[in-house]
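Undergrad: can you look at this prediction? I've put the sequence above it.
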Amino acid sequence: MAILTRIGLSGLTANRLDPTYYRPEHLRDAQLRAGWTQAILDELRCPSVPIVYGVLKPDDRGGKFRVAKAERFEGMFVSAEDCDPVSEEMFHEFGRAEAIEGDLLIAIGGYVGRPAMLRVENGLRVVVNRHLARVRIDQDRADLGWVLAYFSSAHGERQLTREITGSVQAGINLCDLRLVDIPLPSDEAQRYIGDKVRQAEWLRERARRLVGNVKEHHARLIPEFRPTRERWNTFRLGSSAIDDVLVPHFYPPAVTEYLTGRHSKSIGQLCQTVYSGETYDADMNGVDQATSRSCSGRFLRRPCNRVCPPSRTDLDLQQHDLLLTNAAHDKGYIGKDITYYHGGPRNIPSAKVMVLRPNRTIVPASYVFAYLQTPVGYLQIQSAIRGISAGIRAEDVASIRIPLPTLTEEEHREWMAIDEKMVEAGVAEETANLLCAVSTQIVERLIEGRFSEADLIGAQKALDAGDRSADREILKALRQSDAPGAKPLIADVDGLYALLDDSEGQDP
């Protein structure tokens, strides 16, 4: 059924006559923003740093220089270390689009509308690509955390989506982005929300560092993968090594060469179980289910889908399980991400998720996690793919062999204890994601009038004085959805405070 929206001439914009620009939700958002002091984005930037886009066709050479892309965003943040390399020549050619620590990056093409704050470390230098706009917020004009939370909220997301033009290659023109208006509450209210974003960024960085330390520890024990040939025209394979598959890629000679002469065991020997999940009916009041979407990173991406809880519990995830997608339209995605399950409420994997449960009396789960993300580990998973519609089977993954190090008794004790760092990192990353959700929901409630500006000002002033009571009441009021009886967004406010207090003064 068609929906008509009547707009007077005064409500029309000179350069936009497309109907989608005047959808009721866009008009309602504009009315809500009109009740606040506003400034266009171009007025909030540093005067000497214009809003620009960057590299047109980046190459992939270089070490110190990186190019930021929207597909590298992790929620509201992106790290230089996660960005693709770019040559020094190309970096300097597009030097006007260099981004520094704390710059706001907004996708104007591709993943249109996604915002992220840049983190730069280890002396790296970053330039944005053509699908990103670099915005350097002047902190005397607006709180960067507030601007990021606003654009990440439903209101900000719709506002950026509204500016999309083009049909063949949809995107946001820089001239339109510069004129996007942003509501500006008081400095205290902005800082209250901005501090949630900064706490999230700090915890996320801590999680990255912990995972990096774990991988670095294991990398010293994993032999380097250095094939002697780029191509193998022929390779002799003994009959005892033949499985029920006669496809050459199932028997990569470079892997056989790599493992020859090294002490190794199969994943089946190193794991208590290897299995794929099952499909259950959706149930909003049920239990969590890990899907291929939620298994696309270091740790499980929540919130998960909810399904009707089965009576059997043998498929339930356990702490330290490793998860990977077992089927994909593009086979390159299989094995690309290995997800470490650090724990949480009851969770049952879907049929497209494979679970590896390392026997942690034999090998750390984090060692298997680290190995499978090496080039040789990824090659072994890719080699196990069967069928035209790409997929892997538990028995084939169980046959993958992993080299094991020779360690002293003291080294072995240290090796076996390292899994706890992954749990610590998982808690930090999950809490970071939770704080991002907190910041965006507070933005939405503030703009819609469900929180008053005075509430946030009072909470910030109390926090400055060391009193969390008002902040606690705001956090307790947040819900996972607007549905009646929805669960609290933060199940344990005291636990959140305890984590922030324990982390205070530590390096990320």
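TA: Received it, and whenever you're ready, just let me know what you need.
Undergrad: how about the contacts made by Trp146?
TA: 185, 190-191, 193-194, 197, 443 (CB atoms under 8 Å, 6 or more residues apart in numbering). Using the backbone N, CA and C atoms, a C-beta is placed for each residue, glycine as well.
Undergrad: from those, pick the one nearest Gly332.
TA: Val197 (33.1 Å; CB to CB).
Undergrad: that closest one: neighbour count?
TA: Val197: 26 surrounding residues under other CB atoms under 10 Å.
Undergrad: quick check, it in a helix?
TA: Yes - assessed with DSSP: H, G, I helix; E, B strand; the rest coil, Val197 lies in a helix.
Undergrad: need the nearest residue in space to it, chain neighbours excluded.
TA: Using CB to CB, 6 or more residues apart in numbering and skipping the chain neighbours, the partner closest in space to Val197 is Gly145 (3.6 Å).
Undergrad: check which helix or strand that neighbour maps to.
TA: Under the criterion DSSP states H and E, the helix or strand holding Gly145 is helix 144-152.
Undergrad: tell me which helix or strand comes right after that helix.
TA: helix 154-162.
Undergrad: quickly run through the sheet partners of the longest strand seen in the chain, with directions.
TA: Longest strand of the chain, by residue count under DSSP state E: strand 282-290. According to DSSP bridges, strand 282-290 has the following sheet partners: strand 305-307 (antiparallel), strand 347-349 (parallel).
Undergrad: among those strands, which is nearest Arg220?
TA: Of all the strands paired with strand 282-290, strand 347-349 comes closest under CB to CB, at 31.7 Å.
Undergrad: what's that closest one in contact with?
TA: 276-278, 280, 287-290, 300, 304, 307, 309-310, 315-317, 323, 341, 355.
Undergrad: all strands in the stretch 401-508 of the chain, in order from the N-terminus.
TA: 401-403 (DSSP state E, counting those that start in this stretch).
Undergrad: okay, the residue nearest to Val197: pLDDT?
TA: As summarised for this prediction, Gly145 has a pLDDT of 98.
Undergrad: relative to Arg125, how far out is it?
TA: 24 Å (CB to CB, to the nearest Å).
Undergrad: what's the answer for Lys421, then?
TA: For Lys421, the distance to Arg125 - CB to CB - is 30 Å.
Undergrad: cool, and Ala34?
TA: 41 Å.
Undergrad: domain parsing for the chain?
TA: Domain assignment for the chain, taken from automatic domain parsing, gives 35-184, 194-210+420-503, 222-228+243-404.
Undergrad: related to what we said a few turns ago, may I see the buried residues of the helix holding Gly145?
TA: The neighbour-count check on helix 144-152 (16 or more other CB atoms under 10 Å) flags 144-152 as buried.
Undergrad: return the residues in contact with the residue nearest the centre of the chain.
TA: Centroid check for the chain by CA atoms, centre = their mean gives Glu74 as the closest residue, at 3.3 Å. Neighbouring residues of Glu74 by CB under 8 Å, 6+ apart: 82, 116, 204, 297.
Undergrad: hang on, the earlier thing: more neighbours: Ala34 and Arg125, which one.
TA: Neighbour count, other CB under 10 Å: between Ala34 and Arg125, Arg125 has more, with 18 against 10.
Undergrad: now that one. Nearest residue, chain neighbours left out?
TA: Looking at Arg125 with CB to CB, 6+ apart, the closest residue is Phe65, at 5.4 Å.
Undergrad: residues contacting that neighbour?
TA: Applying CB under 8 Å, 6+ apart, the residues near Phe65 are 85-88, 90-91, 124-127.
Undergrad: show the pLDDT at it.
TA: 94.
Undergrad: and it, its phi and psi?
TA: phi -110, psi 140 (degrees, to the nearest 10).
Undergrad: ok, the one 5 residues further on next?
TA: With angles defined as degrees, to the nearest 10, Ala70 sits at phi -60, psi -30.
Undergrad: gap between it and His155?
TA: On the measure of CB to CB, Ala70 and His155 end up 20 Å apart.
Undergrad: Leu27: which of the domains of the chain is closest?
TA: domain 35-184 (10.1 Å).
Undergrad: ok, and what's touching stretch 445-463?
TA: Contacts for stretch 445-463 (CB under 8 Å, 6+ apart): 32-33, 36, 153, 155, 183, 185-186, 188-189, 191-193, 195, 442, 468-471, 473-474, 477-478.
Undergrad: in the longest strand of the chain, what's buried?
TA: 286-290.
Undergrad: likewise stretch 25-32?
TA: Quick answer for stretch 25-32 (16+ other CB under 10 Å): 26, 29.
Undergrad: which residues of the stretch 201-350 of the chain fall in helices?
TA: Secondary structure of the stretch 201-350 of the chain (DSSP state H, counting those that start in this stretch): helices at 253-259, 267-270.
Undergrad: widest-spaced pair of the contacts of Glu74?
TA: Of all pairs in the contacts of Glu74, the most separated under CB to CB is Ala116 and Gly297 at 14.7 Å.
Undergrad: so what's Ser79 closest to, chain neighbours aside?
TA: Arg119 (4.6 Å).
Undergrad: look at the one you found and report its pLDDT.
TA: 95.
Undergrad: what's near enough to touch it?
TA: 77-80, 101, 201, 205.
Undergrad: with Ile442 instead?
TA: 149, 192-193, 196, 451, 456, 474, 478.
Undergrad: now do Arg468
TA: 462, 497.
Undergrad: and the gap between it and Val247?
TA: For Arg468 relative to Val247 (CB to CB), the value is 60 Å.
Undergrad: inside helices: which ones of the contacts of stretch 445-463?
TA: With DSSP state H as the criterion, helices contain 32-33, 155, 188-189, 191-193, 195, 442, 469-471, 473-474, 477 from among the contacts of stretch 445-463.
Undergrad: follow-up on the earlier one: spatially, which two of the contacts of Trp146 are the most separated?
TA: For these, and using CB to CB, no pair is farther apart than Pro185 and Val197, which are 14.8 Å apart.
Undergrad: and Glu71, helix, strand or coil?
TA: helix.
Undergrad: burial measure for the nearest residue to it once chain neighbours are set aside, as a count.
TA: Nearest residue to Glu71, sequence neighbours excluded (CB to CB, 6+ apart): Tyr111, at 6.6 Å. Applying other CB under 10 Å, we find 13 residues neighbouring Tyr111.
Undergrad: then Ile447?
TA: Neighbour number of Ile447 under other CB under 10 Å is 21.
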